[in-house]
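A.B. asks: Next input, structure requested:
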Amino acid sequence: MKSKLILLAVCLLAALASGQWLETVLELPSPSALCYGPTNNKVYCSSSPSQSLVVIDGATNQRITNIPDAGGVSLLYNPASNVIYSGMYWDSAIAVVDGVSNSVIARPKIGGTPKTMCYMSSGYSPVVACACDLASKLVIMEAQTHVVIAALDVGSGPQSMCYDPSMDRLFCANRWDSTVTTTRGQVEPDIWFVEACLNVGRYPDGLCYDSTDAKAYCGTDDQGVAVINTSLLVTHVPTGHRSIPACYNPRQNMVYCTDQDTLDSTVTVIDCSTDVVVATVQVGNQPKLAYYNAINNKVYCVNDKSCDVSVIDAATNEVVVTIPIDSNPQAVCWNTTQNRTYISCAGSPSRNGSIYVLRDSMPAGVEEVVNSEVRTERVAASVVRSLPAGTVAFDAMGRKVANPKSGVYFLGEGLGTKGQGLARMRKVVLPR
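C.D. replies: Down below sits the predicted model:
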């Protein structure tokens with residue numbers, strides 16, 4: 001405990017000047033997967049030893065409850081139904097948790113080990129896709145009834161997914177056979193099929209969707225990134241690294257890739273309009289995770305070996321602060337209401353794990369001018385009944401949403417002065 005207090009003090013001193021700071025550290029045995037539910041402002045974290053799901057109040061950072069037998073290897077939030085999906089790896093099932101009652105309401109068997117999940121809101125009805133790596137299957141589950149409606153054969157070792165709502169198309173990277181499988185749903189209900197199997201390069205992993213140009217980016221072991229357009233044409237962006245696409249910035253229309261070769265300490269930035277590398281950002285040792293914060297226009301990069309977080313200004317692609325954390329980081333999620341970043345760290349066998357809570361110290365409601373072309377209108381969210389004309393809605397991960405339901409979204413308005421990217425971004429809440 002004493003070492004944690006010392007680390008907290010060091011982080012506060014290191015980050016005060018830049019606006020980001022470590023708000024608190026939550027003690028938790030071997031925390032792993034994380035996700036955020038904006039409807040009730042809750043953070044969910046799997047605790048590995050007991051396979052329990054810990055529910056945290058997003059406003060106070062206080063633990064609300066532990067849900068037994070619901071802490072899976074992957075977590076996914078459904079904004080339309082306010083439920084959380086937890087992939088129970090050893091049970092070959094998905095625990096469906098109600099966001100209001102904090103209880104398991106369903107546990108459908110999926111016939112394989114769930115590796116990762118993806119929520120798809122377009123098409124005939126919302127569905128959840130689950131990649132089962134050992135079974136080499138993609139399971140499609142109806143999001144309202146939690147009933148499995150399809151089990152599609154894909155390549156060997158499906159690892160990561162991304163969704164293109166404009167084409168109602170799901171991309172799935174199959175690590176062991178160098179392919180990306182695309183699947184689509186027809187207009188009629190409950191019909192999903194494999195569309196194509198694309199050769200992209202060795203050991204594909206880390207899919208990221210560019211909502212401006214409707215392209216998918218996939219990392220490979222071939223010192224570059226594969227790019228798939230709407231016609232399923234595959235091209236490659238050479239990076240000189242094993243670059244894994246981690247997040248998309250819709251304002252500047254950039255993809256950020258963590259470079260994961262043994263000695264790498266860089267993030268590669270790709271301009272999606274030209275598919276050219278425009279920056280290589282020096283970060284901590286072996287970057288592992290990253291996400292884009294649409295409120296601050298910053299990228300948070302979690303570095304595995306150096307045990308720290310590099311905060312990158314997306315307008316300049318420069319690191320503005322480095323914040324120390326505990327060892328063995330597992331996952332990251334973003335609380336869009338309080339603008340907090342949560343990072344789970346498993347720690348070591350001799351030390352309990354922790355959840356590090358970072359927060360930007362910019363007060364709510366104050367305009368943050370990033371540059372002359374891109375700015376955030378307000379940090380506080382506005383409640384709207386419908387989306388204004390000429391706006392584009394994005395979810396918390398920067399993905400374009402074609403038909404947004406109730407939940408928290410970011411509205412992109414106008415174009416930048418260079419004719420690309422978004423001029424402004426503001427947070428709104430669509431009530432039920």
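A.B. asks: Neighbours of the residue lying closest to Asn82 once chain neighbours are set aside, how many?
C.D. replies: Nearest residue to Asn82, sequence neighbours excluded (Cβ to Cβ, 6 or more residues apart in numbering): Gly99, at 3.9 Å. In short, each C-beta sits where N, CA and C put it, glycine included. Neighbour count of Gly99, defined by other Cβ atoms under 10 Å: 19.
A.B. asks: and what of Glu142?
C.D. replies: 18.
A.B. asks: Surely it touches Ala129?
C.D. replies: No. Glu142 lies out of contact with Ala129 (Cβ atoms under 8 Å); the separation is 11.3 Å.
A.B. asks: Now do the shared contacts for these two.
C.D. replies: Common contacts of Glu142 and Ala129, defined by Cβ atoms under 8 Å, 6 or more residues apart in numbering, are absent altogether.
A.B. asks: List the contacts of the residue nearest to Asn82.
C.D. replies: Taking Cβ under 8 Å, 6+ apart as the test, what Gly99 contacts is Gly37, Thr39, Asn40, Lys42, Tyr77, Asn82, Val83, Ile84.
A.B. asks: repeat that with 6 Å
C.D. replies: Residues near Gly99 by Cβ atoms under 6 Å, 6 or more residues apart in numbering: Gly37, Thr39, Asn40, Asn82, Val83.
A.B. asks: What of Val269?
C.D. replies: By Cβ under 6 Å, 6+ apart, the neighbours of Val269 are Met254, Tyr256, Val278, Ala279, Asn317.
A.B. asks: Next: Tyr300.
C.D. replies: Tyr300 sits in contact with Tyr291, Val309, Val311, Thr341, where contact means Cβ under 6 Å, 6+ apart.
A.B. asks: Which residues does the second one form beta bridges with?
C.D. replies: Spelled out, it's Val309. Val302, Ile323 (DSSP bridges).
A.B. asks: quick one: average confidence on stretch 183-203?
C.D. replies: Averaged across stretch 183-203, pLDDT comes to 86.
A.B. asks: Just the endpoints, please. Distance across that stretch?
C.D. replies: By Cα to Cα, to the nearest Å, the extent of stretch 183-203 from end to end equals 20 Å.
A.B. asks: Ok, stretch 257-271 next?
C.D. replies: 11 Å.
A.B. asks: what does the helix or strand Ala150 falls within contact?
C.D. replies: Assigned by DSSP states H and E, Ala150 belongs to strand 148-153. By Cβ under 6 Å, 6+ apart, the residues outside strand 148-153 that reach it are Pro108, Lys137, Leu138, Val139, Ile140, Met141, Glu142, Thr183, Asp190, Trp192, Val194.
A.B. asks: what about it, distance to the chain center?
C.D. replies: 24 Å (Cα atoms, centre = their mean, to the nearest Å).
A.B. asks: in its sheet, what does it sit against?
C.D. replies: strand 137-142 (antiparallel).
A.B. asks: could I get the strand it pairs with in CSV with only the CA atoms?
C.D. replies: The C-alpha coordinates for strand 137-142 follow below in CSV (Å, rounded to 0.1, in the frame of the first residue of the first chain):
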residue,chain,number,x,y,z
LYS,A,137,-16.0,-19.9,-35.7
LEU,A,138,-17.9,-16.6,-35.7
VAL,A,139,-21.0,-16.8,-33.6
ILE,A,140,-23.9,-14.3,-34.2
MET,A,141,-26.3,-13.6,-31.4
GLU,A,142,-29.5,-11.6,-31.5
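A.B. asks: From the chain's centroid, how far away is it?
C.D. replies: Remark: strand 137-142 is offset 20 Å from the chain centroid, using Cα atoms, centre = their mean.
A.B. asks: what sits up against it?
C.D. replies: 110, 112, 127-131, 148-152, 154, 172, 192.
A.B. asks: So which of those sits lowest on pLDDT?
C.D. replies: Gly112 (84).
A.B. asks: thinking again about what came up before, export the contacts of strand 148-153 to a markdown table and tack on distance to Pro404?
C.D. replies: Shown next, in a markdown table, are the contacts of strand 148-153 (distance: Cβ to Cβ, whole Å):
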| residue | distance to Pro404 |
| --- | --- |
| Pro108 | 26 |
| Lys137 | 30 |
| Leu138 | 25 |
| Val139 | 25 |
| Ile140 | 22 |
| Met141 | 21 |
| Glu142 | 20 |
| Thr183 | 23 |
| Asp190 | 24 |
| Trp192 | 22 |
| Val194 | 28 |
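A.B. asks: Using ChimeraX, define a selection of the buried residues within the residues you listed.
C.D. replies: Command for ChimeraX that selects the buried part of these, burial taken from 16 or more other Cβ atoms under 10 Å:
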select :108,137,138,139,140,141,142,183,192
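A.B. asks: Pick the one among the contacts of strand 148-153 closest to Thr274.
C.D. replies: Comparing the contacts of strand 148-153 against Thr274 with Cβ to Cβ places Thr183 closest, at 28.9 Å.
A.B. asks: What's the first helix or strand after the strand or helix carrying that closest one?
C.D. replies: Per DSSP H and E: Thr183 is located in strand 179-185. Later in the chain than strand 179-185, the nearest helix or strand by DSSP H and E is strand 192-199.
A.B. asks: ok, and what's touching that next one?
C.D. replies: For strand 192-199, the surrounding residues in contact (Cβ under 6 Å, 6+ apart) are Ile140, Ala150, Leu152, Thr179, Val180, Thr181, Thr182, Thr183, Arg184, Gly185, Leu232, Val234.
A.B. asks: helix or strand right after it?
C.D. replies: strand 205-210.
A.B. asks: just checking, what packs against that following strand?
C.D. replies: With contacts taken as 3 or more Cβ pairs under 6 Å, 6 or more residues apart in numbering; DSSP states H and E, strand 205-210 sits against strand 158-164, strand 169-174, strand 215-219, strand 243-249.
A.B. asks: Of the ones you listed, which is nearest Ala59?
C.D. replies: strand 243-249 (25.2 Å).
A.B. asks: avg pLDDT for the very next helix or strand once past that closest one?
C.D. replies: The helix or strand immediately downstream of strand 243-249 is strand 254-259, counting by DSSP H and E. The average pLDDT within strand 254-259 is 97.
A.B. asks: Report the angle between strand 254-259 and strand 205-210.
C.D. replies: 170 degrees (axes from the mean of the first three to the mean of the last three Cα atoms, to 10 degrees).
A.B. asks: can you list the weak-confidence ranges in the stretch 1-150 of the chain?
C.D. replies: Within the stretch 1-150 of the chain, the segments meeting pLDDT under 70 span 1-20, 122-123.
A.B. asks: returning to what we had before: widest-spaced pair of the contacts of strand 148-153?
C.D. replies: Once Cβ to Cβ is applied, the contacts of strand 148-153 give Pro108 and Val194 as the farthest pair, at 21.5 Å.
A.B. asks: re the thing from before, neighbour-wise, which one of the contacts of Val269 leads?
C.D. replies: Neighbour counts for these, by other Cβ under 10 Å, peak at Tyr256, which reaches 27 neighbours.
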